[in-house]
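Participant: Predicted model and sequence follow; I will ask about them next.
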Amino acid sequence: MPPTTKVLTIGDLEAGFPSYCQALRQLVIMGRDLESIRRTLCWDYLQRLHRSLPQSYRSPEELVQRYQRSLATANAPCQQV
C-alpha cells in the first residue's frame with residue numbers, strides 16, 4: 001500500500017517558509033551547486049510560494065544569490081586601514 005501524501009496548501013508553505021530558507025542557506029554553506037539545489041524540496045516549496053505570492057516572497061534564485069554574497073562577505077579577509 002503506498003503511503004498517503006498530504007498536498008501542501010499555500011498556508012502550509014507559508015508556515016514552513018523559515019525552515020525552507022534555513023535549508024537553502026545550509027545548502028549554500030555546504031557549497032552545493034545551483035543545479036543540485038534546484039532538485040531539493042526546499043527549492044520547490046520556495047518556488048511555489050514565489051509563483052503564488054511574488055510580492056511577498058522572493059525567488060529562490062535571488063535567495064541563493066543573497067546567501068552566497070553573505071557567505072562571501074563573511075569569509076572575506078578584513079582590511080585594516
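Facilitator: That came through fine. Residues are numbered from 1 along each chain as shown.
Participant: mind checking the longest helix of the chain?
Facilitator: Selection of the longest helix in the chain by residue count, based on DSSP state H, yields helix 10-29.
Participant: average pLDDT across whatever helix or strand comes next after that one?
Facilitator: Downstream of helix 10-29, the next assigned helix or strand under DSSP states H and E is helix 34-38. Averaging pLDDT along helix 34-38 gives 97.
Participant: Tell me which residue is most central in the protein.
Facilitator: For the chain, the residue sitting closest to the mean C-alpha position, by Cα atoms, centre = their mean, is Leu24 at 3.6 Å.
Participant: Spit out the contact partners of the nearest residue in space to that one that is not next to it in sequence.
Facilitator: Distances taken as Cβ to Cβ, 6 or more residues apart in numbering place Cys42 nearest to Leu24, at 5.1 Å, with adjacent residues excluded. (C-beta placed from N, C-alpha, C; glycine too.) For Cys42, the contacting residues are Ser19, Tyr20, Cys21, Ala23, Leu24, Leu27, by Cβ atoms under 8 Å, 6 or more residues apart in numbering.
Participant: Repeat the analysis, applying 10 Å as the threshold.
Facilitator: Counting by Cβ atoms under 10 Å, 6 or more residues apart in numbering, Cys42 touches 16-17, 19-27, 60, 63.
Participant: same check, this time on Leu41
Facilitator: Gly16, Tyr20, Ala23.
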